[in-house]
Structure formats: structure tokens, C-alpha cells
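Asks: Below is the sequence, then the predicted model.
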Amino acid sequence: MTERLSPDLCVVGGGAAGLSVAAAAAGFGVPVVLVERGRMGGECLNAGCVPSKALIAAARHARAVDEAHRFGVQAGPAMVDMAALRAHVRATIAGIAPTDSAARFTALGVRVIAGTARFTGPDSLAVDDATEITARRVVIATGSSPRLPPVAGLADVPFLTTETVFDLDVLPRHLLVIGAGPVGLELGQAFRRLGSGVTLVEAGEPLAGEDPEAAASVLAALRREGVDIRPHAGIARAFRAGGAVALTLDTGETLTGSHLLVAAGRVPSLAGLDLDRAGIAHGPDGIRVDAALRTTNPRVYAIGDAIPGARSTHGASHQAALVIRNALFRLPVRFDPDAVPRVVFTDPELARIGPTEAALRARGESFRVLRWPLADNDRARAERDIPGHVKLVTTRRGRILGASIVGAHAGEMITTWGLAVRNRLSVRDLAEQVVAYPTRGEIGKRAAMTFYSRTLTNPMVRRMVGWLRRLG
Ligand SMILES: Cc1cc2nc3c(=O)[nH]c(=O)nc-3n(C[C@H](O)[C@H](O)[C@H](O)COP(=O)(O)OP(=O)(O)OC[C@H]3O[C@@H](n4cnc5c(N)ncnc54)[C@H](O)[C@@H]3O)c2cc1C
Ligand SMILES: NC(=O)c1ccc[n+]([C@@H]2O[C@H](COP(=O)([O-])OP(=O)(O)OC[C@H]3O[C@@H](n4cnc5c(N)ncnc54)[C@H](O)[C@@H]3O)[C@@H](O)[C@H]2O)c1
């Protein structure tokens with residue numbers, strides 16, 4: 001028997017994006033139906049942020065054991081128990097899962113339906129032919145899945161993706177990775193620290209789109225740890241070589257590994273949604289949306305990994321908040337990708353808010369660049385962890401436009417700069433702030449203060465100081 005529902009809001013997808021919309025709408029007393037075909041929590045909880053950060057934490061401990069002698073502490077070499085490590089990853093997911101569960105959302109007042117949704121008309125959907133939904137507004141939050149690049153022979157070799165890599169119960173002897181974006185670099189470094197040999201094969205420039213100086217600093221750190229990174233490398237074919245996997249590059253060189261991880265980007269999950277029935281335009285990068293995240297069907301919004309652009313959990317949650325403001329309160333909203341921080345959780349971390357220097361130059365804007373190195377930070381020196389820097393871009397008058405930070409905890413430090421950009425603060429606000437000593441946060445203040453270094457040598461200012469001295 002077909003059940004018929006007519007909520008105000010229907011959300012398709014129970015990942016970071018969909019859950020954020022559903023929770024907020026239910027909180028305001030709006031009738032909401034949420035449809036999820038797989039695991040509640042989506043990619044972030046089950047195969048993305050959470051397991052990757054749990055793996056990275058384990059790898060950091062392994063590294064700390066191996067590096068302990070630098071601090072006069074004898075330990076190591078680190079021994080990795082993959083079964084215990086996998087249990088740690090699973091326990092981390094299990095610990096967070098209740099927050100995203102159907103039970104919690106049901107308690108919040110959301111009607112959660114397990115099944116696959118597809119459009120049957122501009123405002124109607126069917127779920128597995130068991131439920132018909134007619135909604136005043138629909139939010140598509142169907143996420144993405146790993147992109148498999150068109151590499152000859154790939155289909156005939158065993159390979160891992162982010163869907164399977166966290167279930168490994170043996171440590172790869174040598175991990176080949178296709179792609180040196182955030183996923184390839186984060187996981188590549190983690191496996192290297194756990195004891196695997198790691199080779200990353202990247203078609204273009206690793207971390208393209210980030211500030212080149214920041215990207216270079218991260219890549220240099222990974223190389224120092226023994227991660228082999230091959231930029232601008234075309235893959236001619238993949239094949240099995242005995243019990244191993246091999247990649248032949250366009251140069252003729254063949255790389256061999258015990259395992260292969262494909263980390264070559266994402267494709268939006270749109271198959272089977274019957275978007276055309278609802279008049280929703282889409283392309284290979286995702287669903288087309290305007291600045292208010294509305295699709296070409298004015299009743300339907302799309303957010304998260306299902307739309308083009310940088311993909312992140314916090315970006316998806318921010319988009320969800322904008323949709324709530326627009327759909328429920330009819331307030332005008334405008335999604336600004338530059339307002340979303342980007343963090344790559346390598347060690348050192350790379351974090352950015354706002355446009356890069358290159359982006360400002362391409363826009364023809366006039367700006368200033370301010371820098372400070374971590375090597376000049378007492379805390380970083382005490383912790384013998386000095387690779388990195390902060391780089392600020394400001395207007396000519398000192399308003400902060402953006403920041404790139406490389407270093408331990410850069411992902412935490414970027415929050416200050418997000419606040420500065422959002423509130424149109426100037427370097428003066430940051431330079432006058434009292435920052436605790438010794439903290440890494442001091443580098444931001446030091447960078448901001450360099451804005452005034454020209455003032456120190458300004459003859460007018462010097463004359464004025466001299467004149468004031470005469471007053472006694
Ligand atoms: C290894 C890895 C590490 C990452 N680390 C970070 C990080 O540290 N920080 C960060 O911010 N981001 C990180 N990301 C990115 C982040 O995971 C994603 O941007 C985020 O999870 C996207 O959320 P979403 O809700 O748009 O999509 P998803 O989480 O993919 O959710 C979409 C949901 O929709 C469901 N669905 C799809 N089609 C249908 C349908 N027709 N009917 C019903 N349900 C459907 C799916 O089953 C899925 O559960 C990482 C990604 C990866 C792969
Ligand atoms: N901390 C975070 O916020 C975080 C962490 C991890 C992932 N993510 C997001 O998840 C998404 C997926 O990350 P990702 O690193 O898989 O994707 P990505 O698109 O950022 O990077 C994929 C890389 O693979 C390369 N590539 C593609 N085809 C190739 C081929 N045939 N041979 C060699 N290299 C090839 C690309 O040039 C690119 O550099 C991204 O949107 C990313 O921003 C976010």
C-alpha cells in the first residue's frame with residue numbers, strides 16, 4: 001500500500017547537508033520528511049571526515065613514538081596493530097553515530113524514511129514506490145561518491161576508495177594513490193606514518209587552488225617523511241603484477257604497490273533522481289544553483305556535495321542554514337564560497353579563508369601581502385615543529401581579505417581569521433589584540449604588525465617622534 005505524505009519540507013539525503021536542514025526546520029516546528037537510502041550521517045560520518053581524522057590521529061601517535069628521541073625520550077619504533085586501529089576508527093564512528101541517527105531525528109520531530117527518493121513531478125517524489133511525497137519545498141542533499149578516473153585497466157585491478165580504505169585489516173606494504181588532493185595527501189601521509197611506503201600520482205598540481213607557497217610547504221613536509229609525490233604524471237595503464245598492482249606512467253616508468261587507493265575527486269550522486277521530471281538543470285559537476293542555492297525549479301534547493309564547488313561538511317552545514325533562512329523566513333541570502341574555510345588535515349595542516357593572492361591578482365584587485373614564519377614562534381620552537389607560516393592578504397588600507405596558514409593546528413587558528421574577514425576587521429584590530437604567550441596564534445598578530453613596518457622608517461613619523469622627545 002502506498003503511503004502519501006505532504007510535509008512542508010522534504011529533504012533527500014541524510015548526510016551533513018540534509019541533516020542540518022532537517023534538524024533546523026524541525027526545531028522551528030516545520031513538518032519535515034527526510035529520505036535516506038543508506039547510512040544516516042552520510043559520507044562525513046561513515047567514510048569521510050570522521051574515519052579519516054581517526055586514522056590521522058593514530059598515525060600522529062605512531063609518528064610521535066618514532067620522533068620521541070628528539071625530545072630525549074626513548075621509545076619505538078612504533079608497532080602498528082591494524083585490527084586495533086580499525087577498532088579505534090569504528091569506535092569513533094559509533095560514538096558519534098547516535099547524533100545522526102534516525103532515532104534522534106525522529107525524536108526531533110522529523111519523519112525519517114529509509115529508501116531511495118526520485119522526482120515524479122515538480123513538487124512530488126516517490127520513495128521506492130512505497131511512499132508518495134508532495135512537498136512545498138524540497139532540498140536535494142544527495143552528496144557525492146568517489147570518482148573513478150578513466151585509467152586503462154583500472155577496472156581489472158583491485159583498488160580501494162574512501163568507501164573501503166577504512167576497513168583495511170592489513171597495513172599496505174606500499175600504497176599507490178591516484179590523486180594528490182586533500183584526500184590523497186591526508187591518507188597518504190597517515191599510511192606513511194603507520195609504516196607503509198606511499199607514492200602519490202597526481203595528474204596536475206597537488207593542492208591546486210591553494211596558495212602555492214602554502215601548498216609547497218605541505219608537500220615539502222610530506223616528502224621529508226618519505227611520501228613520494230609525483231606531480232603532473234599521466235597514467236598510461238593499471239595492471240596486476242603478481243600479487244601487486246602496477247601503474248605505468250606516460251613516461252614509461254612503472255610504479256608497483258601492494259595496494260592502490262583511488263582519490264581522484266568526487267562525482268555528485270544524482271543518478272536515479274529523475275531531476276528532469278522536476279525541471280532541475282544539472283551537469284557533470286552537480287546540480288545548477290543560484291546564489292540562494294535554488295535550482296532551476298524554484299521550489300527546490302540543492303546543497304552540499306551534490307552541487308559544484310569546494311566540498312566540506314561545514315560548507316554543507318552553512319548552506320543548510322542559508323536555505324532555512326530563505327525557505328522558512330523568506331529572507332534574501334547569498335552563498336559566498338570565500339566565506340567557507342578550507343582545511344587540509346595533513347601535518348602541517350593547511351587552512352585558508354577568503355581569496356588567495358593569485359585569485360585577487362586575477363580579479364585585478366589591489367592588495368597587500370603580510371607574512372610571518374612559524375620558525376619565529378617560540379611555541380613552535382619548543383615543540384620542534386617549525387614548518388609553516390601565516391600569510392594575510394589585505395586591502396591597501398589594511399582590511400583583512402583572507403588568510404592562509406600552514407602549521408600544526410592551522411585548522412583551529414583559521415577561525416580567528418574567519419571572524420576577521422566576516423566582520424571586516426583590519427590589521428589594526430589584530431595587531432592591538434593581546435595574544436597569550438607562548439602560542440602559535442602569536443604569528444597572526446606578528447604578521448598583522450608587519451603592516452606598520454613601513455611606518456617605522458617613515459621620515460614624517462620619525463620627525464614627529466623626535467619632536468615629541470623634545471617635550472621632555
Ligand atoms: C576521506 C574524506 C575525508 C573528508 N574529510 C573532511 C573533513 O575533514 N572536513 C570536511 O569538512 N569535509 C571533509 N570531507 C568532505 C565531506 O565528507 C563532505 O563534503 C560532506 O560529507 C558532504 O555532505 P553531504 O550531506 O552533501 O553528502 P553525503 O554525506 O554524501 O550525504 C548524502 C546522503 O544522501 C543519500 N542519498 C543519495 N541519493 C539518495 C536518494 N536518491 N534517496 C535517498 N538518499 C539518497 C546518501 O546515501 C548519503 O547518505 C571529506 C571527504 C572524504 C571523502
Ligand atoms: N579537510 C577537508 O575539508 C577535506 C578533506 C578531505 C576531502 N575534502 C573534500 O572531499 C572532496 C574529495 O577530495 P579529493 O582529494 O578526493 O578530491 P579533489 O578533487 O580535491 O582532488 C583530486 C585530485 O586527483 C587528481 N586526479 C584526478 N584524476 C587523476 C588521474 N587520472 N591521475 C592522477 N591524478 C588525478 C586531481 O588532479 C586532483 O588533484 C574534495 O572536494 C575535498 O575538498 C575535504
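Replies: Thanks, I have it. Numbering: from 1, shown residues only. Ligands and ions are numbered 1, 2, ... in the order given.
Asks: alpha carbons only for contacts and neighbour counts from here, please
Replies: Will do.
Asks: how about the strands in the stretch 351-472 of the chain?
Replies: Secondary structure of the stretch 351-472 of the chain, counting by DSSP state E, counting those that start in this stretch: strands at 368-373, 389-394, 400-407.
Asks: Tell me which of those approaches ligand 2 most closely.
Replies: Evaluated over the strands of the stretch 351-472 of the chain, closeness to ligand 2 peaks at strand 400-407, with 13.4 Å, by CA to the nearest ligand atom.
Asks: distance between the closest one and the chain's centre?
Replies: 16 Å (CA atoms, centre = their mean, to the nearest Å).
Asks: now that strand: mean pLDDT?
Replies: Mean pLDDT, strand 400-407: 98.
Asks: Tell me which other helices or strands that strand touches.
Replies: helix 212-224, strand 349-353, strand 389-394, helix 410-422 (3 or more CA pairs under 8 Å, 6 or more residues apart in numbering; DSSP states H and E).
Asks: between that strand and strand 349-353, how many degrees?
Replies: Between the axes of strand 400-407 and strand 349-353, defined by axes from the mean of the first three to the mean of the last three CA atoms, to 10 degrees, the angle is 180 degrees.
Asks: Relative to ligand 1, which of the strands of the stretch 351-472 of the chain is closest?
Replies: strand 400-407 (15.8 Å).
Asks: By proximity to ligand 1, which residue of the stretch 351-472 of the chain wins?
Replies: residue 411 (9.8 Å).
Asks: residues in the stretch 251-400 of the chain within reach of ligand 2, list them.
Replies: Taking CA under 6 Å from any ligand atom as the contact definition, the stretch 251-400 of the chain meets ligand 2 at 263, 264, 265, 266, 310, 311, 312, 342, 343, 344, 345.
Asks: Buried only: go through those residues for me.
Replies: 263, 264, 265, 266, 311, 312, 342, 343, 344, 345 (16 or more other CA atoms under 10 Å).
Asks: Cross-check the contact I'm expecting between the second one and residue 151.
Replies: No - taking CA atoms under 8 Å as the definition, residue 264 is not a contact partner of residue 151, at 11.0 Å.
Asks: Help me confirm that residue 55 is found in a helix?
Replies: Yes - looking at residue 55 with DSSP: H, G, I helix; E, B strand; the rest coil, it is inside a helix.
Asks: Quick check: it touching residue 190?
Replies: Yes - if you go by CA under 8 Å, residue 55 and residue 190 touch, sitting 6.9 Å apart.
Asks: For the residue most central in space within the chain, give me the pLDDT.
Replies: Centroid check for the chain by CA atoms, centre = their mean gives residue 312 as the closest residue, at 4.4 Å. At residue 312, the pLDDT value in this model is 98.
Asks: Contact partners for it?
Replies: 304, 305, 342 (CA atoms under 8 Å, 6 or more residues apart in numbering).
Asks: and those residues, which of them are in strands?
Replies: residue 342 (DSSP state E).
Asks: Break this structure down into its domains, please.
Replies: 3-40+101-146+267-338, 154-264, 348-459 (the TED database).
Asks: what residues does the stretch 251-400 of the chain put near ligand 1?
Replies: 269, 273, 304, 305, 306, 311, 312, 313, 314, 316.
Asks: Could you report the neighbour count for the closest residue to the fourth one other than its chain neighbours?
Replies: Pointing back at residue 305 there. In space, and not counting its chain neighbours, residue 305 is closest to residue 143: 4.4 Å by CA to CA, 6 or more residues apart in numbering. As a burial measure, residue 143 scores 28 neighbours (other CA atoms under 10 Å).
Asks: sorry, back to before: with distance to residue 397 and secondary structure as new columns, can the residues of the stretch 251-400 of the chain next to ligand 2 be given to me in TSV?
Replies: Conversion of those to TSV gives the following (distance: CA to CA, whole Å; DSSP: H, G, I helix; E, B strand; the rest coil):
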residue	distance to residue 397	secondary structure
263	42	coil
264	41	coil
265	39	coil
266	40	strand
310	30	coil
311	32	coil
312	32	coil
342	26	strand
343	28	strand
344	30	strand
345	33	coil
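Asks: Lowest pLDDT pick from those?
Replies: Among those, residue 310 has the lowest pLDDT, at 93.
Asks: Who are the contact partners of it?
Replies: residue 337.
Asks: Low-confidence stretches in the protein?
Replies: 1, 455-457, 461-462, 465, 468, 472 (pLDDT under 70).
Asks: Go again with 80.
Replies: 1, 76, 454-472 (pLDDT under 80).
Asks: Between the contacts of residue 312, which sits nearest residue 217?
Replies: residue 342 (16.2 Å; CA to CA).
Asks: beta partners for the closest one?
Replies: Beta-bridge partners for residue 342, by DSSP bridges, are residue 352.
Asks: which residues sit in contact with it?
Replies: So, once contact is read as CA under 8 Å, 6+ apart, residue 342 ends up touching 312, 350, 351, 352, 353.
Asks: Make a markdown table out of those residues and add distance to residue 48.
Replies: As requested, the contacts of residue 342 are exported to a markdown table (distance: CA to CA, whole Å):
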| residue | distance to residue 48 |
| --- | --- |
| 312 | 10 |
| 350 | 18 |
| 351 | 18 |
| 352 | 20 |
| 353 | 21 |
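Asks: closest to ligand 2 among those?
Replies: residue 312 (4.7 Å).
Asks: picking up where we left off before, of residue 55 and residue 190, which one has the most company?
Replies: A side-by-side neighbour count of residue 55 and residue 190, using other CA under 10 Å, places residue 190 first with 26 against 22.
Asks: how close does the more buried one sit to residue 127?
Replies: 40 Å (CA to CA, to the nearest Å).
Asks: got a list of what residue 282 touches?
Replies: Counting by CA under 8 Å, 6+ apart, residue 282 has contacts residue 288.
Asks: give me the beta-bridge partners of it?
Replies: The partner residues for residue 282, given DSSP bridges, come to residue 287.
Asks: got the contact list for the closest residue to ligand 2 within the stretch 1-150 of the chain?
Replies: Residue of the stretch 1-150 of the chain nearest ligand 2, by CA to the nearest ligand atom: residue 149 (4.8 Å). Going by CA under 8 Å, 6+ apart, residue 149 touches residue 264.
Asks: do you know how far it is from ligand 1?
Replies: Going from residue 149 to ligand 1 by CA to the nearest ligand atom, to the nearest Å gives 15 Å.
Asks: That residue and residue 419, how far apart?
Replies: 38 Å.
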